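Asks: Next input, structure requested:
(one chain, ligands or ions: 1)
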Amino acid sequence: MSTRRQFLGAAALALGSAAGALRAAGRIELAATDVHVRGYPTVEALRWIGETLERETEGRVGLRLYHSGQLGRESDLIDLARFGAIDIARVNMAALNNPFPATRILCLPYVFDDTAHMRRSLDGAVGQDILAKFAGRDLVGLAFYDSGARCIYNTKRPIVQPGDLHGLKIRVPPSDIFMHLIRVLGANPTPLPYGEVYSALQTHLIDGAENNWQSFHTTRQFEAARFWSSSGHSYSPEALLMSRRRFELLRPDDRERLLDVARRSVGYMRSLWDESEAASRDYVLSHGVTANEVDRAAFERAAAPVVARYREDGEVDRYWRGIRALSGTG
Ligand code: GTR
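Replies: Numbers count the residues shown, from 1 in each chain. Purely as a prediction, here's the structure:
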């Protein structure tokens, strides 16, 4: 714990003084982080934001991108942004579930029918309400990005029924919802930071994990986990967040521009997402991964207690009804 604190402190100092120097020189360079590698749609969307800001401010505002988890795990990146040590953090909603209750609805199992339903919900009243809530916790919600349908993959066998998961250790992100879900599906949930999943699969610390095609592909986890089962249990989208402290240091016109550029980046990210999803799926399937369909109705039935438990909360229930009302309206 103290090492983590020291890390956060050191990172804050280093980035703070670098940013100060850049501001003093009349140029603003925003520090932005992502756990994904170059070429991943979220990283490319951040790059697009940087290039667009550079162009539209004639080089006065730019973005320095720390990708591949260079500045640490997502829970630390959220804290770094809240303390104002970094400007922008692109993190997944799962890492926000525990500290930011309003995000829970977006990770619950089978709340979205498909990507189109998720996009409509995020673009509509529910998404915009949740985005505005970050301001109460030292952050500014800039945008939501796609993260596809999360599915279970493992080193042992195809999963068709929830019962097939019995006895398997499945890695989950640091979220009580994911812990609960994997438990009711019959497996043993093991929380680990994203950057540690590949070696945990290699060393058999875990038997599997759950994620989207692009993460499965770009982390090379598919080399160890050869069975992909299309559970599609969560669409847990991505969040693009800015430190509120840093946001308020910007000139009012730069704040408006940044909000606008972030909004415009969503369309770009979605087109990259759609292309890369098919490309990643084809890549892993042509490299020996076996994919199967699950008994979706059985999975939904098994996951229902998780949804029921969270819907006991009035806000979650209101969001849930708002999202379900958009089912099939596309
Ligand atoms: C990915 C997401 C990452 C990270 C990861 C995880 O889909 O893009 O930000 O949260 O999942 O499972 O930790």
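Asks: Phe222: what's it in contact with?
Replies: 153, 216, 228, 284, 287, 289 (C-beta atoms under 8 Å, 6 or more residues apart in numbering). Placement of C-beta: from N, CA and C, glycine included.
Asks: State the distance from it to the ligand.
Replies: Applying C-beta to the nearest ligand atom, to the nearest Å, the value for Phe222 to the ligand is 14 Å.
Asks: again with Arg90
Replies: Arg90 sits 7 Å away from the ligand, going by C-beta to the nearest ligand atom.
Asks: Quick one, grab the pLDDT at Glu74.
Replies: Here, the pLDDT recorded for Glu74 equals 97.
Asks: Look up how far Asn92 lies from Tyr194.
Replies: 8 Å (C-beta to C-beta, to the nearest Å).
Asks: Can you pull the residues that touch both of the two?
Replies: Counting by C-beta under 8 Å, 6+ apart, the shared contacts of Tyr194 and Asn92 are 74, 173.
Asks: who has more neighbours, the two?
Replies: Asn92 (25 against 22; other C-beta atoms under 10 Å).
Asks: Touching, that one and Tyr235? I think so.
Replies: No. The criterion here is C-beta atoms under 8 Å, and Asn92 misses it with Tyr235 at 10.9 Å.
Asks: what's the overlap in contacts for the two?
Replies: Common neighbours of Asn92 and Tyr235 (C-beta under 8 Å, 6+ apart) are Ser147.
Asks: Quick one: list the elements packing against the helix or strand hosting Tyr268.
Replies: Using DSSP states H and E, the element containing Tyr268 is helix 252-285. On a contact count with 3 or more C-beta pairs under 8 Å, 6 or more residues apart in numbering; DSSP states H and E, helix 252-285 meets helix 41-56, strand 61-66, strand 139-145, helix 213-218, strand 238-243.
Asks: tilt between that helix and strand 238-243?
Replies: 150 degrees (axes from the mean of the first three to the mean of the last three C-alpha atoms, to 10 degrees).
Asks: Any residue of helix 252-285 touching the ligand?
Replies: No. Using C-beta under 6 Å from any ligand atom, helix 252-285 stays clear of the ligand, coming no nearer than 10.8 Å.
Asks: buried ones in that helix?
Replies: In terms of neighbour count (16 or more other C-beta atoms under 10 Å), helix 252-285 has its buried residues at 254, 257-259, 261-262, 265-266, 268-270, 272-273, 276-277, 280-281, 283-284.
Asks: Hey, what's the angle from that helix to helix 41-56? Just curious.
Replies: 150 degrees.
Asks: Pull the distance from helix 252-285 to the chain's centre.
Replies: 13 Å (C-alpha atoms, centre = their mean, to the nearest Å).
Asks: Please state the mean pLDDT value computed over that helix.
Replies: On average, helix 252-285 scores 98.
Asks: pLDDT score for the spatially most central residue of the chain?
Replies: The centre of the chain sits closest to Asn92, judged by C-alpha atoms, centre = their mean, with a distance of 1.8 Å. Asn92 carries a pLDDT value of 98.
Asks: re earlier: put the buried members of the contacts of Phe222 into a PyMOL selection.
Replies: Typed into PyMOL, the line below selects the buried ones among the contacts of Phe222, using 16+ other C-beta under 10 Å:
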select buried, resi 153+216+228+284+289
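Asks: Would you mind giving the contacts of Phe222 as JSON lines with distance to Tyr319 added?
Replies: Formatted as JSON lines, the contacts of Phe222 follow (distance: C-beta to C-beta, whole Å):
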{"residue": "Tyr153", "distance to Tyr319": "29"}
{"residue": "Phe216", "distance to Tyr319": "28"}
{"residue": "Trp228", "distance to Tyr319": "30"}
{"residue": "Val284", "distance to Tyr319": "33"}
{"residue": "His287", "distance to Tyr319": "39"}
{"residue": "Val289", "distance to Tyr319": "35"}
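Asks: Now do whichever strand or helix holds Glu29: everything it contacts.
Replies: For Glu29, the enclosing helix or strand under DSSP H and E is strand 28-33. Strand 28-33 has contacts (C-beta under 8 Å, 6+ apart) with 15, 18-19, 22, 46, 49-50, 53, 60-67, 70-71, 77, 80, 86-90, 246, 250, 254.
Asks: What of stretch 264-277?
Replies: For stretch 264-277, the external contacting residues (C-beta under 8 Å, 6+ apart) are 40-42, 44-46, 48-49, 52, 119, 143-146, 148, 212-214, 240.
Asks: redo that, cut-off 7 Å
Replies: By C-beta atoms under 7 Å, 6 or more residues apart in numbering, the surrounding residues in contact with stretch 264-277 are 41-42, 44-45, 48-49, 143, 145-146, 148, 213-214.
Asks: ok, now stretch 61-68?
Replies: Stretch 61-68 is contacted from outside by 27-34, 36-38, 43, 46-47, 49-50, 53-54, 254, using C-beta under 7 Å, 6+ apart.
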